[in-house]
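K.L.:
Just need the structure, nothing else, for what follows:
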Amino acid sequence: MKASKLLPACLMACVMGMSFGARAEAMDLPVEGEMPSFKGATGWLDAQPLTPAELRGKVVLVDFWTYSCINSIRQLPYLRAWARKYKDQGLVVIGVHSPEFAFEKNPDNVRQALKDLRVGAPIATAIDSDHGVWLDFNNEYWPAIYLVDARGRIRHHVFGEGEYEQTERVIQQLLTEAGARNVDQALVVGDGRGIEAAPDLANLKSPETYVGSERAENFVSKGGRLFSSRSVYAAPDSLSLNHWALVGDWTIGKHSAVLNTVGGRIVYRFHARDLHLVMGPRENGSAVRFRVLIDGKPPGAAHGIDVDAQGNGTLFAQRLYQLIRQAEPITDREFEIEFLDAGAEAFVFTFG
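P.N.:
Presented below is the predicted three-dimensional model:
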(Lines give C-alpha, C1' and ligand atoms only; values in the text may rest on other atoms or scores of the structure.)
Protein backbone atom coordinates (compact mmCIF):
# COMPACT_ATOMS: atom_id res chain seq x y z
CA MET A 1 0.00 0.00 0.00
CA LYS A 2 1.15 3.52 -0.78
CA ALA A 3 1.50 6.55 1.42
CA SER A 4 -1.68 7.87 3.02
CA LYS A 5 -2.29 10.75 0.63
CA LEU A 6 -5.95 11.69 0.21
CA LEU A 7 -6.67 11.78 -3.52
CA PRO A 8 -9.84 13.70 -4.50
CA ALA A 9 -10.98 11.32 -7.21
CA CYS A 10 -13.00 8.15 -7.63
CA LEU A 11 -11.26 5.32 -9.40
CA MET A 12 -12.61 2.99 -12.05
CA ALA A 13 -10.73 -0.26 -12.47
CA CYS A 14 -9.92 -1.16 -16.07
CA VAL A 15 -11.11 -4.73 -15.50
CA MET A 16 -14.84 -4.85 -14.77
CA GLY A 17 -14.92 -8.59 -14.18
CA MET A 18 -12.85 -11.66 -14.96
CA SER A 19 -13.91 -15.22 -15.62
CA PHE A 20 -12.40 -17.81 -13.30
CA GLY A 21 -14.51 -20.82 -14.21
CA ALA A 22 -17.03 -22.74 -12.16
CA ARG A 23 -14.54 -23.51 -9.42
CA ALA A 24 -11.20 -21.73 -9.21
CA GLU A 25 -7.95 -23.22 -8.00
CA ALA A 26 -6.67 -21.93 -4.68
CA MET A 27 -4.94 -18.59 -5.13
CA ASP A 28 -1.66 -17.50 -3.62
CA LEU A 29 -2.77 -14.67 -1.33
CA PRO A 30 0.23 -13.04 0.31
CA VAL A 31 -0.07 -11.31 3.66
CA GLU A 32 -0.23 -7.56 3.05
CA GLY A 33 -0.19 -6.54 6.70
CA GLU A 34 -2.38 -6.56 9.79
CA MET A 35 -5.83 -5.00 9.63
CA PRO A 36 -5.71 -1.62 11.40
CA SER A 37 -8.32 -0.71 13.99
CA PHE A 38 -11.39 1.42 13.32
CA LYS A 39 -10.67 3.75 16.23
CA GLY A 40 -10.62 6.73 13.87
CA ALA A 41 -14.31 6.30 13.02
CA THR A 42 -16.51 9.17 14.21
CA GLY A 43 -19.60 6.98 14.45
CA TRP A 44 -21.24 3.71 13.40
CA LEU A 45 -24.51 2.86 11.69
CA ASP A 46 -26.20 -0.56 11.64
CA ALA A 47 -23.62 -1.94 14.09
CA GLN A 48 -21.90 -1.29 17.38
CA PRO A 49 -18.26 -0.13 17.08
CA LEU A 50 -16.17 -3.06 15.87
CA THR A 51 -12.57 -3.84 16.81
CA PRO A 52 -9.97 -6.18 15.28
CA ALA A 53 -10.15 -8.35 18.40
CA GLU A 54 -13.92 -8.76 18.09
CA LEU A 55 -13.56 -9.59 14.40
CA ARG A 56 -10.94 -12.30 14.93
CA GLY A 57 -12.23 -15.57 13.53
CA LYS A 58 -14.31 -13.75 10.89
CA VAL A 59 -13.44 -12.96 7.29
CA VAL A 60 -13.79 -9.21 6.92
CA LEU A 61 -14.44 -7.16 3.79
CA VAL A 62 -13.60 -3.48 4.34
CA ASP A 63 -14.90 -1.15 1.64
CA PHE A 64 -13.89 2.52 1.50
CA TRP A 65 -16.54 4.55 -0.30
CA THR A 66 -18.43 7.81 -0.36
CA TYR A 67 -22.03 8.32 -1.33
CA SER A 68 -21.59 10.84 -4.17
CA CYS A 69 -19.03 8.67 -6.01
CA ILE A 70 -20.58 6.86 -8.98
CA ASN A 71 -17.88 4.17 -8.89
CA SER A 72 -18.82 3.41 -5.28
CA ILE A 73 -22.53 3.39 -6.09
CA ARG A 74 -22.10 0.91 -8.94
CA GLN A 75 -20.30 -1.47 -6.55
CA LEU A 76 -23.21 -1.67 -4.10
CA PRO A 77 -25.19 -4.55 -5.70
CA TYR A 78 -22.23 -6.87 -5.14
CA LEU A 79 -21.56 -5.72 -1.58
CA ARG A 80 -25.21 -6.27 -0.64
CA ALA A 81 -25.26 -9.71 -2.27
CA TRP A 82 -22.01 -10.88 -0.64
CA ALA A 83 -23.07 -9.62 2.79
CA ARG A 84 -26.32 -11.60 2.58
CA LYS A 85 -24.91 -14.74 0.97
CA TYR A 86 -21.92 -15.31 3.24
CA LYS A 87 -23.10 -13.79 6.53
CA ASP A 88 -23.87 -17.14 8.15
CA GLN A 89 -20.52 -18.58 7.04
CA GLY A 90 -18.48 -15.90 8.76
CA LEU A 91 -18.20 -12.88 6.44
CA VAL A 92 -18.49 -9.40 7.93
CA VAL A 93 -18.84 -6.48 5.50
CA ILE A 94 -17.83 -3.04 6.80
CA GLY A 95 -18.42 0.02 4.67
CA VAL A 96 -16.09 2.84 5.71
CA HIS A 97 -17.74 6.06 4.58
CA SER A 98 -14.84 8.45 3.98
CA PRO A 99 -16.11 11.73 2.46
CA GLU A 100 -14.69 13.54 -0.54
CA PHE A 101 -16.75 16.72 -0.16
CA ALA A 102 -17.68 18.67 2.96
CA PHE A 103 -21.41 17.86 2.70
CA GLU A 104 -20.60 14.13 2.98
CA LYS A 105 -19.17 14.69 6.47
CA ASN A 106 -22.61 15.42 7.91
CA PRO A 107 -23.84 12.24 9.69
CA ASP A 108 -27.46 13.09 8.88
CA ASN A 109 -26.58 13.27 5.20
CA VAL A 110 -24.80 9.93 5.41
CA ARG A 111 -27.76 8.36 7.21
CA GLN A 112 -30.16 9.59 4.51
CA ALA A 113 -27.83 8.43 1.73
CA LEU A 114 -27.67 4.93 3.22
CA LYS A 115 -31.46 4.83 3.24
CA ASP A 116 -31.71 6.09 -0.35
CA LEU A 117 -29.06 3.64 -1.56
CA ARG A 118 -30.51 0.70 0.42
CA VAL A 119 -27.33 0.14 2.43
CA GLY A 120 -28.04 -1.39 5.82
CA ALA A 121 -27.60 -4.52 7.93
CA PRO A 122 -25.87 -6.89 7.51
CA ILE A 123 -23.47 -4.25 6.15
CA ALA A 124 -22.02 -2.20 9.02
CA THR A 125 -21.09 1.41 8.26
CA ALA A 126 -18.23 3.21 9.97
CA ILE A 127 -18.52 6.98 9.54
CA ASP A 128 -15.02 8.21 8.80
CA SER A 129 -15.63 11.94 8.51
CA ASP A 130 -12.12 12.84 9.74
CA HIS A 131 -10.44 10.21 7.51
CA GLY A 132 -8.90 8.55 10.55
CA VAL A 133 -9.64 5.02 9.32
CA TRP A 134 -8.63 5.98 5.78
CA LEU A 135 -5.22 7.12 7.02
CA ASP A 136 -4.71 4.08 9.25
CA PHE A 137 -5.23 1.84 6.20
CA ASN A 138 -2.98 4.10 4.07
CA ASN A 139 -5.84 4.14 1.58
CA GLU A 140 -5.87 6.38 -1.50
CA TYR A 141 -8.96 5.47 -3.50
CA TRP A 142 -12.74 5.45 -3.71
CA PRO A 143 -13.83 2.69 -3.81
CA ALA A 144 -11.23 0.37 -2.29
CA ILE A 145 -11.80 -3.13 -0.93
CA TYR A 146 -9.54 -4.88 1.57
CA LEU A 147 -10.14 -8.56 2.38
CA VAL A 148 -8.98 -9.73 5.80
CA ASP A 149 -8.61 -13.35 6.90
CA ALA A 150 -9.79 -14.88 10.16
CA ARG A 151 -6.39 -14.14 11.75
CA GLY A 152 -6.76 -10.42 11.10
CA ARG A 153 -4.34 -10.23 8.15
CA ILE A 154 -5.03 -8.32 4.92
CA ARG A 155 -4.76 -10.87 2.10
CA HIS A 156 -6.17 -9.07 -0.95
CA HIS A 157 -7.22 -5.61 -2.15
CA VAL A 158 -9.03 -4.09 -5.11
CA PHE A 159 -8.76 -0.41 -6.01
CA GLY A 160 -11.68 0.88 -8.07
CA GLU A 161 -14.87 -0.81 -9.16
CA GLY A 162 -14.75 -4.12 -10.95
CA GLU A 163 -12.92 -7.44 -10.47
CA TYR A 164 -16.05 -8.79 -8.81
CA GLU A 165 -15.54 -12.46 -9.72
CA GLN A 166 -12.00 -12.51 -8.38
CA THR A 167 -13.08 -10.73 -5.20
CA GLU A 168 -15.78 -13.30 -4.55
CA ARG A 169 -13.35 -16.15 -5.19
CA VAL A 170 -11.05 -14.66 -2.56
CA ILE A 171 -13.97 -14.40 -0.11
CA GLN A 172 -14.78 -18.08 -0.70
CA GLN A 173 -11.15 -19.12 -0.23
CA LEU A 174 -10.71 -17.15 3.00
CA LEU A 175 -13.95 -18.55 4.41
CA THR A 176 -12.78 -22.07 3.60
CA GLU A 177 -9.41 -21.38 5.22
CA ALA A 178 -11.28 -20.18 8.31
CA GLY A 179 -13.10 -23.53 8.58
CA ALA A 180 -16.42 -22.75 6.91
CA ARG A 181 -17.97 -25.84 5.37
CA ASN A 182 -19.81 -26.22 2.07
CA VAL A 183 -19.04 -22.70 0.89
CA ASP A 184 -21.23 -22.12 -2.15
CA GLN A 185 -18.90 -21.76 -5.14
CA ALA A 186 -21.50 -20.14 -7.37
CA LEU A 187 -20.91 -16.47 -8.07
CA VAL A 188 -23.49 -13.79 -7.42
CA VAL A 189 -24.92 -11.97 -10.41
CA GLY A 190 -24.81 -8.20 -10.07
CA ASP A 191 -28.32 -6.82 -10.48
CA GLY A 192 -27.36 -3.18 -10.77
CA ARG A 193 -30.27 -1.13 -12.08
CA GLY A 194 -30.84 2.54 -12.60
CA ILE A 195 -27.91 4.51 -11.25
CA GLU A 196 -26.23 1.29 -10.08
CA ALA A 197 -26.00 -0.21 -13.58
CA ALA A 198 -22.52 -1.10 -14.80
CA PRO A 199 -20.92 1.53 -17.05
CA ASP A 200 -20.97 1.23 -20.83
CA LEU A 201 -17.19 1.09 -21.20
CA ALA A 202 -17.27 0.63 -24.97
CA ASN A 203 -18.85 4.07 -25.35
CA LEU A 204 -17.24 5.87 -22.41
CA LYS A 205 -15.01 8.64 -23.75
CA SER A 206 -15.58 11.40 -21.19
CA PRO A 207 -13.61 11.60 -17.93
CA GLU A 208 -14.57 12.64 -14.44
CA THR A 209 -14.53 16.44 -14.55
CA TYR A 210 -14.30 18.71 -11.50
CA VAL A 211 -16.01 22.09 -11.42
CA GLY A 212 -14.02 23.58 -8.51
CA SER A 213 -10.75 25.39 -9.14
CA GLU A 214 -8.50 22.80 -7.46
CA ARG A 215 -8.86 20.10 -10.13
CA ALA A 216 -10.78 21.68 -13.02
CA GLU A 217 -9.62 20.88 -16.56
CA ASN A 218 -10.89 21.83 -20.03
CA PHE A 219 -12.74 24.89 -18.70
CA VAL A 220 -13.36 27.23 -21.65
CA SER A 221 -15.74 29.97 -20.44
CA LYS A 222 -15.22 33.46 -21.83
CA GLY A 223 -15.15 36.62 -19.74
CA GLY A 224 -14.78 37.02 -16.03
CA ARG A 225 -11.70 36.36 -13.96
CA LEU A 226 -11.27 32.66 -14.50
CA PHE A 227 -11.33 30.81 -11.21
CA SER A 228 -11.03 33.94 -9.08
CA SER A 229 -14.00 34.48 -6.77
CA ARG A 230 -17.21 35.91 -8.23
CA SER A 231 -17.41 36.57 -11.98
CA VAL A 232 -19.83 36.61 -14.90
CA TYR A 233 -19.03 33.99 -17.54
CA ALA A 234 -20.13 33.32 -21.12
CA ALA A 235 -19.95 30.20 -23.29
CA PRO A 236 -17.61 29.99 -26.31
CA ASP A 237 -19.07 29.80 -29.81
CA SER A 238 -18.54 26.03 -29.86
CA LEU A 239 -17.28 23.26 -27.59
CA SER A 240 -14.78 20.51 -28.34
CA LEU A 241 -15.27 17.07 -26.84
CA ASN A 242 -14.92 17.09 -23.05
CA HIS A 243 -14.71 20.88 -22.85
CA TRP A 244 -17.19 22.71 -20.64
CA ALA A 245 -18.21 26.20 -19.62
CA LEU A 246 -20.12 28.16 -17.02
CA VAL A 247 -22.61 30.79 -18.15
CA GLY A 248 -23.87 33.51 -15.81
CA ASP A 249 -22.87 34.88 -12.42
CA TRP A 250 -20.88 32.24 -10.49
CA THR A 251 -18.56 32.10 -7.50
CA ILE A 252 -15.93 29.42 -8.01
CA GLY A 253 -14.33 27.88 -4.96
CA LYS A 254 -11.74 25.19 -4.42
CA HIS A 255 -14.18 22.29 -4.70
CA SER A 256 -17.33 23.71 -6.30
CA ALA A 257 -19.03 26.58 -8.11
CA VAL A 258 -22.09 28.38 -6.69
CA LEU A 259 -24.63 30.19 -8.86
CA ASN A 260 -25.42 33.68 -7.58
CA THR A 261 -28.36 34.66 -9.80
CA VAL A 262 -31.25 33.00 -11.64
CA GLY A 263 -30.66 31.58 -15.10
CA GLY A 264 -27.05 30.43 -14.87
CA ARG A 265 -26.03 27.46 -16.98
CA ILE A 266 -23.35 24.81 -17.40
CA VAL A 267 -22.63 23.36 -20.84
CA TYR A 268 -20.51 20.28 -21.55
CA ARG A 269 -19.75 18.34 -24.76
CA PHE A 270 -19.55 14.68 -23.80
CA HIS A 271 -19.49 11.13 -25.16
CA ALA A 272 -21.02 8.51 -22.85
CA ARG A 273 -24.25 6.64 -22.19
CA ASP A 274 -24.75 8.29 -18.80
CA LEU A 275 -24.05 11.78 -17.51
CA HIS A 276 -24.15 12.54 -13.79
CA LEU A 277 -23.50 15.74 -11.87
CA VAL A 278 -22.79 15.97 -8.16
CA MET A 279 -24.68 19.09 -7.07
CA GLY A 280 -27.35 20.48 -4.80
CA PRO A 281 -28.61 23.64 -3.14
CA ARG A 282 -25.74 25.43 -1.45
CA GLU A 283 -25.48 24.56 2.23
CA ASN A 284 -28.67 25.46 4.12
CA GLY A 285 -30.19 26.76 0.88
CA SER A 286 -33.66 26.28 -0.58
CA ALA A 287 -34.57 23.82 -3.32
CA VAL A 288 -33.38 24.76 -6.81
CA ARG A 289 -35.31 24.00 -9.99
CA PHE A 290 -33.38 23.17 -13.16
CA ARG A 291 -33.91 22.17 -16.77
CA VAL A 292 -31.69 19.88 -18.88
CA LEU A 293 -31.23 19.98 -22.67
CA ILE A 294 -29.26 17.71 -24.96
CA ASP A 295 -28.22 19.15 -28.32
CA GLY A 296 -30.56 22.05 -27.55
CA LYS A 297 -33.67 19.92 -27.05
CA PRO A 298 -35.41 18.23 -24.09
CA PRO A 299 -33.84 14.81 -23.49
CA GLY A 300 -37.01 12.78 -24.08
CA ALA A 301 -36.22 9.07 -23.73
CA ALA A 302 -32.59 9.94 -22.93
CA HIS A 303 -33.48 11.51 -19.59
CA GLY A 304 -31.84 10.23 -16.41
CA ILE A 305 -33.69 9.13 -13.29
CA ASP A 306 -33.50 12.60 -11.72
CA VAL A 307 -35.24 14.46 -14.56
CA ASP A 308 -38.36 13.96 -16.64
CA ALA A 309 -38.61 13.68 -20.42
CA GLN A 310 -38.83 17.47 -20.69
CA GLY A 311 -35.60 17.76 -18.72
CA ASN A 312 -37.17 19.21 -15.57
CA GLY A 313 -35.78 18.43 -12.13
CA THR A 314 -35.25 19.87 -8.66
CA LEU A 315 -32.26 19.93 -6.33
CA PHE A 316 -33.31 19.06 -2.80
CA ALA A 317 -30.01 17.76 -1.44
CA GLN A 318 -26.31 17.69 -2.24
CA ARG A 319 -25.69 14.35 -3.95
CA LEU A 320 -25.09 12.72 -7.33
CA TYR A 321 -27.87 13.30 -9.89
CA GLN A 322 -28.27 11.16 -13.00
CA LEU A 323 -29.29 13.57 -15.75
CA ILE A 324 -28.77 11.62 -18.99
CA ARG A 325 -29.07 7.92 -19.86
CA GLN A 326 -29.23 7.47 -23.60
CA ALA A 327 -29.58 4.50 -25.91
CA GLU A 328 -27.21 3.60 -28.70
CA PRO A 329 -25.87 4.87 -30.96
CA ILE A 330 -23.73 6.94 -28.59
CA THR A 331 -22.18 10.00 -30.21
CA ASP A 332 -20.72 13.33 -29.13
CA ARG A 333 -23.57 15.32 -27.59
CA GLU A 334 -23.87 18.78 -26.10
CA PHE A 335 -25.35 18.84 -22.60
CA GLU A 336 -26.80 21.94 -20.99
CA ILE A 337 -28.29 22.50 -17.56
CA GLU A 338 -30.04 25.77 -16.72
CA PHE A 339 -30.88 26.63 -13.11
CA LEU A 340 -34.20 28.38 -12.65
CA ASP A 341 -33.36 29.52 -9.12
CA ALA A 342 -30.20 30.93 -7.59
CA GLY A 343 -28.11 28.97 -5.11
CA ALA A 344 -27.18 25.83 -7.07
CA GLU A 345 -23.77 24.38 -6.18
CA ALA A 346 -21.99 22.08 -8.65
CA PHE A 347 -19.05 19.83 -7.76
CA VAL A 348 -18.13 17.21 -10.38
CA PHE A 349 -19.34 15.53 -13.59
CA THR A 350 -19.08 11.75 -13.87
CA PHE A 351 -20.03 9.44 -16.71
CA GLY A 352 -20.93 5.82 -17.37
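
K.L.:
Burial check on D191, number of neighbours?
P.N.:
Using other C-beta atoms under 10 Å, D191 is surrounded by 11 other residues. Bear in mind the C-beta positions are built from the backbone N, C-alpha and C, glycine included.

K.L.:
mind checking how far it is from E168?
P.N.:
14 Å (C-beta to C-beta, to the nearest Å).

K.L.:
same check, this time on V267
P.N.:
Relative to E168, V267 is positioned 42 Å away (criterion: C-beta to C-beta).

K.L.:
One more: C69?
P.N.:
For C69, the distance to E168 - C-beta to C-beta - is 22 Å.

K.L.:
Confirm that D63 sits in a strand.
P.N.:
Yes. Counting by DSSP: H, G, I helix; E, B strand; the rest coil, D63 is located in a strand.

K.L.:
For it, list the residues it contacts.
P.N.:
75, 79, 93-96, 143-145 (C-beta atoms under 8 Å, 6 or more residues apart in numbering).

K.L.:
Quickly find the element holding the nearest residue to I195 once chain neighbours are set aside.
P.N.:
In space, and not counting its chain neighbours, I195 is closest to Q322: 5.0 Å by C-beta to C-beta, 6 or more residues apart in numbering. Take DSSP states H and E as the rule and Q322 turns out to sit in strand 319-325.

K.L.:
which residues sit against that strand?
P.N.:
Residues contacting strand 319-325 (C-beta under 8 Å, 6+ apart): 67-70, 73, 113, 116, 194-195, 273-280, 292, 294, 299, 302-307, 313, 315, 333, 335, 337, 350.

K.L.:
Please list only the buried members of these.
P.N.:
Neighbour-count burial (16 or more other C-beta atoms under 10 Å) applied to the contacts of strand 319-325 gives 67-70, 73, 113, 195, 273-280, 292, 294, 299, 302-304, 306-307, 313, 315, 333, 335, 337, 350.

K.L.:
According to the record, where do the domains of this structure fall?
P.N.:
33-196, 201-351 (automatic domain parsing).

K.L.:
quick one: which of those is nearest M27?
P.N.:
For these, the distance to M27 is smallest for domain 33-196, at 6.2 Å, taking C-beta to C-beta.

K.L.:
What is the end-to-end distance of the closest one?
P.N.:
Length of domain 33-196, first residue to last, C-alpha to C-alpha, to the nearest Å: 32 Å.

K.L.:
Report the contact partners of Q48.
P.N.:
Q48 neighbours (C-beta under 8 Å, 6+ apart): none.

K.L.:
same deal with F103?
P.N.:
F103 sits in contact with 109, 280, 283, 318, where contact means C-beta under 8 Å, 6+ apart.

K.L.:
ok, and the first one, which helix or strand is that part of?
P.N.:
Using DSSP H and E, the element containing N109 is helix 107-116.

K.L.:
swap in the second one?
P.N.:
Using DSSP H and E, the secondary-structure element containing G280 is strand 274-281.
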